[in-house]
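A.B. asks: output the structure for:
(2 chains)
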Amino acid sequence: MTELAFKGPEPDQLRRRHRAEKRFRLIALLSVWLGLAFLSVLFVIVVTSGADAVRQTKILLNISLDSSEFEGGKGSGLAQIRKANFEGLVKRSIRNDFPRAKSRKQKRELAKLVSSGAAYEVREFVEANPEKIGESIDIWVTASDDVDMLLKGKLKRNMPADIRQISDQQLIWLDQLQAEDRLETQFNWTLFTKGDSREPEQAGIAGAMIGSLYSVLVCLLISFPLGVLASIYLESFAPKNGWTSFLEVNINNLAAVPSIVFGLLGLAVFLNFFQLPRSAPLVGGMVLALMTLPTIIIAGRAAIQSVPPSIKEAALAVGASPIQAVFHHVLPLAMPGILTGTIIGTARALGETAPLLMIGMVAFVVDLPVTFTDPATALPVQVYLWSDMPERAFAERTSAAILVLLAFVGALNLTAVILRNKFETRY
Amino acid sequence: MFKKTILMAAALIATVSMAQARDQIKVVGSSTVYPFATTVAEKFGKSTSFKTPVVESTGSGGGLKLFCAGVGVNHPDITNASRRIKKKEVALCAKNGIKDIVEVKVGYDGIVMANSKQSEVFKLTRKDIFLALAKDVPAGEGKLVPNPNKTWKDVNSSLPAIKIEVLGPPPTSGTRDAFAELAMEGGCKKFKWIKAMKKGDKKLGIKKDKKAYKKICHTVREDGAYIEAGENDNMIIGKLEANPKALGIFGYSFLDQNADKVQGSTIEGKEPTFEAIADGKYPVSRPLYFYVKKAHIGVVPGIEEFMNEFAAEKASGPDGYLTDKGLIPMGDTERADRKKAVSTLANLKM
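C.D. replies: Okay, the predicted model is just below:
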């Protein structure tokens, strides 16, 4: 029989169909590859520019903690230590290293080799080790961002001196420090443990990470139960009338509303009416929950719909109440789908800045947030704020913040996959 | 279960809003002042026992709107502005019970037109800028035509025959407002009959029409010669590097930090240098301010100390740490006036 099929005009037709098939596959494959190529280009760019931020240039200083510098001498308490002039100690120490710097300009240039945060690093050290007062200590302090950029090759030595941020004299000093092994790049703990700063070498994303975590937590706590209950009601209990379909249309519309609108809503309702504090992750999470809710409801309804009605009917037939049927049988089977929808919604919320602008989370926050009402920013906001800073060292930190944000989203997706596999039941 | 949840949520909201007293200064306002205000806030937080103030970047207009919304812990204490407060805004403040405002001038910011180092330095005048970027340009007395200029040579024969391509901020930006007011209007005024429209001139027989004057002077062409490049100045610098023929508009601090990549065009023969902007010779520079709500002083701790830190010589004086961030300090007399204003908390006078 098959031989017959190849007679007459048919082989030609068959070949055409095969060709169309091949073409389609090729195009589909191409689009997959194109997507992958864009993704990898993005990744390579972000990773290469962000990798440098993981290391930070440090300078080894020898600082003599003269007991006369501290009000209480050797046994100074915390309050007395805080009053000491650490800036002066750091300046004096580096001037001792290069005694030939005499003019005011040279002294200023010398002081600019170390970060303005160095004094606080020394203070922290003394606070932790008050017994060292009276001794002289060797301590690695953070170098200024210009020195950091030079060591990382982002400022070129061969640039004309008048446009290089580092002067010729500073280069000589740095070379000497390097020759003495007192200048090196170390792992940048600051980036992962500190809040924002205006000095790139002191800036960290810990504050933004905590802010994002809190917001997403609040967002999930509100939107997940509400979304699941709403979708169960709409799918299983709601009467089929005009009112219900009106609700359905509106929920679908809500999913397509631009996110800034939710920010305005949050400003009007949560801040102005309920008088909740500005810039708080609690309010941020509530606004993001409003935004995520429609996504969860739509995904939840689709997931519940896909559970065969026979399962629910069987439960009802053996005497389960409607609520038991839903919670014992339908919901567990629909869970993987609901979770996928929730994660997609949350991942979107995690990358959102526009609604946060209205409720004051696009802000410069140095102190790490502790409670849900402390001022905080979020990771995408930090990316946005740093990308607009004139100092060049912020560029690599921006990329590092993007990587952390991507890692967050990745972790979220991974949890979704794990949870989905756990709940997956076959029937 | 439902009732319980709702009750709990209500209780949570109630307890949070009960936590009224605030011990942290809140600052909102201009994105141009943001880099300076944050530097001061950080130093203030580290060197005093007060908490580090939270600084939001909302834009000058947005900041003043929030600032004028009312008195109380849920409203910001201080707002930054890259222009002076408007009469309308003072009225809004007064309507919401904010009668006493202290105005503090921080310093100056220069706006530069820069291009890539690979090209020649542009020698511009404000008139050139107006003729190159205005939507309509004058063609003879009292007549306007849609801007016909395609290259810089069409604008001024001493300029190179390069296509006009200028990357600049969008209309929502304070930098754009200041650029339109200082650079474009400055050039626009060079045409006598347009200038006459501002106040009216009987001799020329021109009626006063401030609206039309502003429209002619401030409207930027939309035929592709002016490219809105977003609020991000780093992006403009990146684009200038890639396209050596284009010019970009941004704040002086970005020129200062990227002196190896871009160069500022001279305007009326003046290079945009620190010194030229500080002594007012460079024509396109604007003052920066912050405004303080007097009713909050003494209620939220540290406001007065924060004002003193901002106005101190070590911050915004000629050798202050803000100059490292690109702030152009004020002259001696202006600084003395400011010192007086800060110590007496003198009310804003329009």
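A.B. asks: just the buried residues of stretch B:197-213, please?
C.D. replies: When neighbours are counted by 16 or more other Cβ atoms under 10 Å in any protein chain shown, the buried residues of stretch B:197-213 are found to be B:197-198, B:206, B:213. No exception for glycine: its C-beta is placed from N, CA and C like everyone else's.
A.B. asks: minimum pLDDT in these, which residue is that?
C.D. replies: When the buried residues of stretch B:197-213 are compared on pLDDT, B:Ile206 comes out least confident, at 76.
A.B. asks: list the contacts for that one?
C.D. replies: With contacts defined as Cβ atoms under 8 Å, 6 or more residues apart in numbering or on different chains, the neighbours of B:Ile206 are B:193, B:196-197, B:200.
A.B. asks: beta partners of it?
C.D. replies: Residues found in beta-bridge contact with B:Ile206 (criterion: DSSP bridges) are B:Asp201.
A.B. asks: quick one: it and B:Lys192, what's the gap?
C.D. replies: 9 Å (Cβ to Cβ, to the nearest Å).
A.B. asks: do A:Ala208 as well
C.D. replies: Distance check for A:Ala208 against B:Lys192: by Cβ to Cβ, it reads 55 Å.
A.B. asks: likewise B:Gly280?
C.D. replies: As defined by Cβ to Cβ, B:Gly280 lies at a distance of 25 Å from B:Lys192.
A.B. asks: same deal with A:Arg348?
C.D. replies: Separation of A:Arg348 from B:Lys192 (Cβ to Cβ) stands at 57 Å.
A.B. asks: those two: who's more crowded?
C.D. replies: Here A:Arg348 and B:Lys192 are set side by side on neighbour count (other Cβ atoms under 10 Å in any protein chain shown), and the busier one is A:Arg348, at 15 against 11.
A.B. asks: what helix or strand is the more buried one on?
C.D. replies: Per DSSP states H and E, A:Arg348 falls inside helix A:331-350.
A.B. asks: other SSEs contacting that helix?
C.D. replies: Packed against helix A:331-350, as judged by 3 or more Cβ pairs under 8 Å, 6 or more residues apart in numbering or on different chains; DSSP states H and E, are the following elements: helix A:206-232, helix A:281-305, helix A:393-423.
A.B. asks: beyond the first one, next helix or strand please.
C.D. replies: Past helix A:206-232, further along toward the C-terminus, the next helix or strand under DSSP H and E is helix A:242-255.
A.B. asks: in whatever helix or strand comes next after that next one, which residues are buried?
C.D. replies: Once the chain leaves helix A:242-255, the next helix or strand it forms, by DSSP H and E, is helix A:259-266. Using 16+ other Cβ under 10 Å as the burial criterion, the residues of helix A:259-266 that qualify are A:259, A:262-263, A:265-266.
A.B. asks: and what of stretch A:393-407?
C.D. replies: A:393-406.
A.B. asks: what's the closest of the residues you listed to chain B?
C.D. replies: Sorting the buried residues of stretch A:393-407 by how near they are to chain B, with Cβ to the nearest Cβ, puts A:Ala395 at the top with 7.2 Å.
A.B. asks: tell me the contacts of that closest one?
C.D. replies: Going by Cβ under 8 Å, 6+ apart, the list of residues near A:Ala395 reads A:49, A:387, B:234.
A.B. asks: and the residue found closest to B:Lys163 once you drop the neighbours it is linked to in the chain, how far is that from A:Ala255?
C.D. replies: Nearest in space to B:Lys163, with sequence neighbours left out and distances taken as Cβ to Cβ, 6 or more residues apart in numbering or on different chains, is B:Thr151 at 5.6 Å. Noted for B:Thr151: a distance of 49 Å to A:Ala255, by Cβ to Cβ.
A.B. asks: where do the domain boundaries of chain B fall?
C.D. replies: Taking automatic domain parsing as the domain assignment, the record places the domains of chain B at B:21-108+B:287-344, B:110-285.
A.B. asks: which strand runs longest in the chain?
C.D. replies: Picking chain A for this. Using DSSP state E to define each element, chain A has its longest strand at strand A:55-64.
A.B. asks: switch to chain B, please.
C.D. replies: Taking residue count as the measure and DSSP E as the definition, the longest strand of chain B comes out as strand B:101-116.
A.B. asks: quick one: mean pLDDT over it.
C.D. replies: 91.
A.B. asks: adjacent strands (with direction) for whichever helix or strand comes after that strand?
C.D. replies: Per DSSP H and E, strand B:101-116 leads on to strand B:123-124 as the next helix or strand towards the C-terminus. Sheet neighbours of strand B:123-124, with direction, are listed as strand B:266-267 (parallel) (DSSP bridges).
A.B. asks: chain B contacts on chain A?
C.D. replies: Applying Cβ under 8 Å from any Cβ of the partner chain, we find that chain A lies next to chain B at A:116, A:120, A:155-156, A:159, A:162-165, A:196-199, A:225, A:271, A:274-279, A:282, A:357, A:360, A:362-367, A:373, A:375, A:385, A:387-392, A:395.
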